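Asker: here you go, sequence then predicted model.
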Amino acid sequence: MDFKLTKTQMLQQELFRKFAETEIKPIAKDMDEAEEYSAELLQKLQKIGAFGIPYSREYGGQGADVLTYTLCMEEMSKVDASTGITLSVHTSLCCPCINEFGTEEQKQKYLRPLVDGSKIGCFGLTEPGAGTDAAGVRTEARLEGDYYILNGTKIFTTNSGFADTFIVFALTDKSKGPKGMSAFIVERDSEGLTVGPNIERMGIRAASNCEVVYENVKVPKENLLGKEGQGYKIAMTALGGGRIGIGAQSVGIAQGAIDEALKYVKERKQGGKPIGKYQNTQFKLAECQTKVDAARLMVWRAATAKDNHDNYAPLAAMCKLFASETANEVTRVCVQLFGGYGYCREYPVERAMRDAKITEIYEGTSEAMKMIISGSMKV
Amino acid sequence: MKIVVCIKQVPDTVEVKIDPKTGTLIRDGVPSIINHDDKTGIEAALTLREQLGGTVTVVSMGPPQADVALREALAMGCDEAILVSGREFGGSDTYATSGILAAALKKIGYDLIITGRQAIDGDTAQVGPQIAEKLHVPQVSYVEEVKEATEDYVVVKRQFEDGYHIIKIKTPCLLTAIAELATPRYMSVRGIVEAYEKEIKILGFEDLKDDLELDMIGLKGSPTNVYQSFTKEVKGAGTILKDLSADEAVKAIVDKLEEKFII
């Protein structure tokens, strides 16, 4: 067993780190305040290949592994968790649906532009009445001739404000419950598809997250992913892998906060010496770093399992559960180390603490992770 | 057009310190980077390739660890990378180094050679110009803009103390790049994947011995002796007055001088 990154992975990490420090860090606070993601930054991310990392070069992807993708998620999320989720929804929720269940034609037409960085994707599963209980989806798809007619409302669709390609889950047979759910590729400019304003949120405020209404949206029959009735399975497969990305995002948020705190405790003086000289500060930071390292190793383990085509689902659930709770604890401790300044928006730990909360909720709540983990333990 | 860029792997001087007792660089734990001006040269070469077609070869002389710098250049988009490396080359000063690189360049072939103006560790700005002299090709140093480029000649703007020169120069030739010439692009994820799939060719003394003698290289072939190294005294960061009218700027400067009791 070797816990070291390969030379390739180390150079990738250097690229992500430098890009994040230079291109994202200086504007992250402004994007958060404006509650809007920078279109220019999206283009820069597309240019370095950030939107197609673990995808085959045969389809225009970058040809790297899932572990490299987690390195990207961590480095970007260190300075801006909104960038993390923007990349994650595209890379590990939208694209896998087509990559793993799409036909050759669907891959050429839809996957290629998504992974070569010319288009951005989103994933519409959650509805006002269907969160953790994804089986509660009400959106319908009715086959009429060569088209499915979609009707329904999705909520919290990340990236929907600017995405080109939507993966949408809808019932093709209401009588069958989750087994009557199907997945569709829907183009943004489809008639009847309306994206609402960005939903006001506590954290990851720069990310785009909107309600999307589908009103008699005509979707060509050939845009059905897999078979009718496979939708639930497709959604769960995508979410299973997505959790590795959220684990990495959580590690990034936490590490970013520790890095800021490390600088601060060396500068900030109380009682005639830097607060870093007090054992309370040292122990707090030691505890934080230990937890973050443990979380990172869990993320890397899950990513490696996915790269090796092993059963990664329970490992992904564990890394997400542990990393997201670590991110919340660590950012809270870091704000405390900053004292009153940590509560001010001037310092990035305040944003990190707000951003951390969502990691315990989206792509499966901590409670849902415990259901998956205990299920795999056959409790 | 075959463009060859010479690069040097240097310690990131933001991180580097000098041992006050021995006067030597403390290199432990200091990250290595591609010298800034050389990276600018890579960008200029890639841009020229996009305009004119051809290839960009990147060359570095150094220990095997310089491999990372060459991979980075490949990941930015260079076509081929060559490491000039061998025990015989150790201890070379700029004179010996330029002789070795000139021999390597003869072997590799070139229409245009680009080097950085100077490296941030040695700060001599000598290797580029010496290479041109040893290859008997024309050179322009301190290039801040390539105004026109064809297979047969390039027109460049050369920075000068009190102005600039516009120079038309026949190829093959050598240019030394300064920061103003270009903003280096990022590597790409795919570029990095492919950089590690490529082979880096190594040229050692045996490969270059037609053009080199042992007494021209290494410590023996180096007329330079380092007398003393010292840490530069760090000055505080200056203040830049921006977006002010001439009158406002004058007032700001006078106020500051008065505040410091200089006037």
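Answerer: Here it is on my side, so go on.
Asker: tell me which stretches of the stretch 51-200 of chain B form helices.
Answerer: Using DSSP state H, counting those that start in this stretch, the helices found in the stretch 51-200 of chain B span residues B:67-76, B:94-108, B:127-135, B:189-195.
Asker: of these, which is nearest residue A:312?
Answerer: Among the helices of the stretch 51-200 of chain B, the nearest to residue A:312 by Cβ to Cβ is helix B:189-195 (21.4 Å). Quick note: C-beta positions are derived from backbone N, CA and C, even for glycine.
Asker: re earlier: now render the helices of the stretch 51-200 of chain B as TSV, adding mean neighbour count, mean pLDDT and distance to chain A.
Answerer: Listed next are those as TSV, based on neighbours: other Cβ atoms under 10 Å in any protein chain shown; pLDDT from 0 to 100; distance: least, Cβ to the nearest Cβ, whole Å:
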stretch	mean neighbour count	mean pLDDT	distance to chain A
helix B:67-76	24	97	6
helix B:94-108	22	95	24
helix B:127-135	21	96	26
helix B:189-195	24	97	4
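Asker: burial measure for the residue nearest to residue B:186 when sequence neighbours are not counted, as a count.
Answerer: Nearest non-adjacent residue to residue B:186, counting by Cβ to Cβ, 6 or more residues apart in numbering or on different chains: residue A:48, 5.0 Å away. A count of nearby residues for residue A:48, using other Cβ atoms under 10 Å in any protein chain shown, gives 23.
Asker: thought residue A:48 was touching residue A:12?
Answerer: No. Assessed by Cβ atoms under 8 Å, residue A:48 is found out of contact with residue A:12, at 10.1 Å.
Asker: anything in contact with each of the two?
Answerer: residue B:189 (Cβ atoms under 8 Å, 6 or more residues apart in numbering or on different chains).
Asker: ok now stretch A:169-182, how far from the chain's centre?
Answerer: 26 Å (Cα atoms, centre = their mean, to the nearest Å).
Asker: residues touching it, excluding its own?
Answerer: A:124-125, A:134-135, A:137-143, A:148, A:150, A:152, A:183-184, A:214, A:224-232, A:234-235.
Asker: for that stretch, buried residues please.
Answerer: Applying a neighbour-count criterion of 16 or more other Cβ atoms under 10 Å in any protein chain shown, one finds A:169, A:170, A:171, A:172, A:178, A:180, A:181, A:182 buried in stretch A:169-182.
Asker: cool, and stretch A:55-70?
Answerer: A:55, A:59-70.
Asker: for stretch A:193-202, same thing?
Answerer: Quick answer for stretch A:193-202 (16+ other Cβ under 10 Å): A:193, A:195, A:198.
Asker: strands along the chain, start to end?
Answerer: Reading this off chain A. For chain A, the strands defined by DSSP state E cover A:121-124, A:140-144, A:147-158, A:165-171, A:181-187, A:193-198, A:209-220, A:224-225, A:269-270, A:273-274.
Asker: switch to chain B, please.
Answerer: B:2-7, B:9-11, B:17-18, B:25-26, B:32-34, B:55-61, B:80-84, B:112-116, B:139-149, B:153-160, B:163-170, B:173-177, B:201-203.
Asker: in JSON lines: those, plus mean neighbour count and mean pLDDT.
Answerer: What follows is the strands of chain B, written out as JSON lines (neighbours: other Cβ atoms under 10 Å in any protein chain shown; pLDDT from 0 to 100):
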{"stretch": "strand B:2-7", "mean neighbour count": "26", "mean pLDDT": "98"}
{"stretch": "strand B:9-11", "mean neighbour count": "20", "mean pLDDT": "92"}
{"stretch": "strand B:17-18", "mean neighbour count": "13", "mean pLDDT": "72"}
{"stretch": "strand B:25-26", "mean neighbour count": "15", "mean pLDDT": "72"}
{"stretch": "strand B:32-34", "mean neighbour count": "21", "mean pLDDT": "93"}
{"stretch": "strand B:55-61", "mean neighbour count": "24", "mean pLDDT": "98"}
{"stretch": "strand B:80-84", "mean neighbour count": "23", "mean pLDDT": "98"}
{"stretch": "strand B:112-116", "mean neighbour count": "29", "mean pLDDT": "97"}
{"stretch": "strand B:139-149", "mean neighbour count": "18", "mean pLDDT": "97"}
{"stretch": "strand B:153-160", "mean neighbour count": "17", "mean pLDDT": "96"}
{"stretch": "strand B:163-170", "mean neighbour count": "12", "mean pLDDT": "96"}
{"stretch": "strand B:173-177", "mean neighbour count": "27", "mean pLDDT": "97"}
{"stretch": "strand B:201-203", "mean neighbour count": "16", "mean pLDDT": "97"}
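Asker: test my guess that residue A:210 contacts residue A:200.
Answerer: No. Contact criterion Cβ under 8 Å: residue A:210 and residue A:200 do not qualify, at 11.0 Å.
Asker: for the nearest residue to residue A:120 once chain neighbours are set aside, grab phi and psi.
Answerer: Spatial nearest neighbour of residue A:120, excluding adjacent residues (Cβ to Cβ, 6+ apart): residue A:163 at 4.8 Å. Main-chain dihedrals, residue A:163, degrees, to the nearest 10: phi -70, psi 150.
Asker: residue with max distance from the center of chain A?
Answerer: residue A:272 (43.4 Å; Cα atoms, centre = their mean).
Asker: I'd like to know how far that residue sits from chain B.
Answerer: 25 Å (Cβ to the nearest Cβ, to the nearest Å).
Asker: ok, now residue A:334?
Answerer: In terms of Cβ to the nearest Cβ, residue A:334 sits 25 Å off from chain B.
Asker: relative to the lowest-mean-pLDDT helix or strand in chain A, what are the paired strands and their orientations?
Answerer: Here the helix or strand of chain A ranked lowest by mean pLDDT, DSSP states H and E is strand A:269-270, holding a mean of 94. Next to strand A:269-270 in the sheet, as set by DSSP bridges, lie strand A:273-274 (antiparallel).
Asker: for the record, mean pLDDT for the strand it pairs with?
Answerer: Taken as a whole, strand A:273-274 has an average pLDDT of 96.
Asker: ok, and what's touching stretch B:146-158?
Answerer: By Cβ under 8 Å, 6+ apart, stretch B:146-158 touches B:1, B:44, B:47-48, B:51-52, B:111-112, B:140-145, B:164-171, B:173, B:175, B:181.
Asker: how far does it stretch from start to finish?
Answerer: From its first residue to its last, stretch B:146-158 covers 9 Å (Cα to Cα, to the nearest Å).
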